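**Q** predicted structure and sequence below. I'll ask about it afterward.
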Amino acid sequence: MNVVELPPTDRRRAARTAVDDLGAQRSDHVLVRVTCPASHHVATVYKTEEGPVVVTASEPHASGSRDFVDNAHHGGSRGSEYVDMVQATRFEDDDLPAWCSCGTHALSRAELQKAIASHTRTLSVTT
């Protein structure tokens, strides 16, 4: 069975494994970086064995080259990433959730696919 044809939870699990398999140098496999109009990091699309995988922050995080999740001092909750295949079944929403310091964003799977096809290295989302 094709990864894209898996139920969403299993597909996201496979996407997470595919990104983890890239190892410490996953930045060598970047296809597209997504930023907001204020140039905050919103998401990254990686080339993996399973196909293009998008990784987005799912909580507020600092901007800049050392992105990290903002936590209050002694905060108990660590930030997490939302990881999914760029391609999905035709019965799923086009939108993928994302977040930056400006707030929440919705990334379009179709726009990400266009950026990959046109070799666009940086894509800016609108607010």
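**A** Perfect, thanks for sending it.
**Q** where's residue 115 relative to residue 10, distance?
**A** Residue 115 sits 26 Å away from residue 10, going by Cβ to Cβ, to the nearest Å. From N, CA and C alone the C-beta is placed, and that goes for glycine too.
**Q** and those two? Which one has more around it.
**A** residue 115 (21 against 12; other Cβ atoms under 10 Å).
**Q** phi and psi next, for the more buried one.
**A** Backbone torsions for residue 115, taken as degrees, to the nearest 10, come to phi -60, psi -40.
**Q** list the contacts for it?
**A** Counting by Cβ atoms under 8 Å, 6 or more residues apart in numbering, residue 115 touches 31, 32, 45, 123.
**Q** quick one: secondary structure of the last one?
**A** So the one you mean is residue 123. strand (DSSP: H, G, I helix; E, B strand; the rest coil).
**Q** is it in contact with residue 110, as I believe?
**A** No - with contact defined as Cβ atoms under 8 Å, residue 123 does not reach residue 110; the gap is 11.9 Å.
**Q** secondary structure element for the most centrally placed residue in the chain?
**A** The structure's the chain has its C-alpha centroid closest to residue 55; by Cα atoms, centre = their mean the separation is 2.2 Å. Per DSSP states H and E, residue 55 falls inside strand 51-57.
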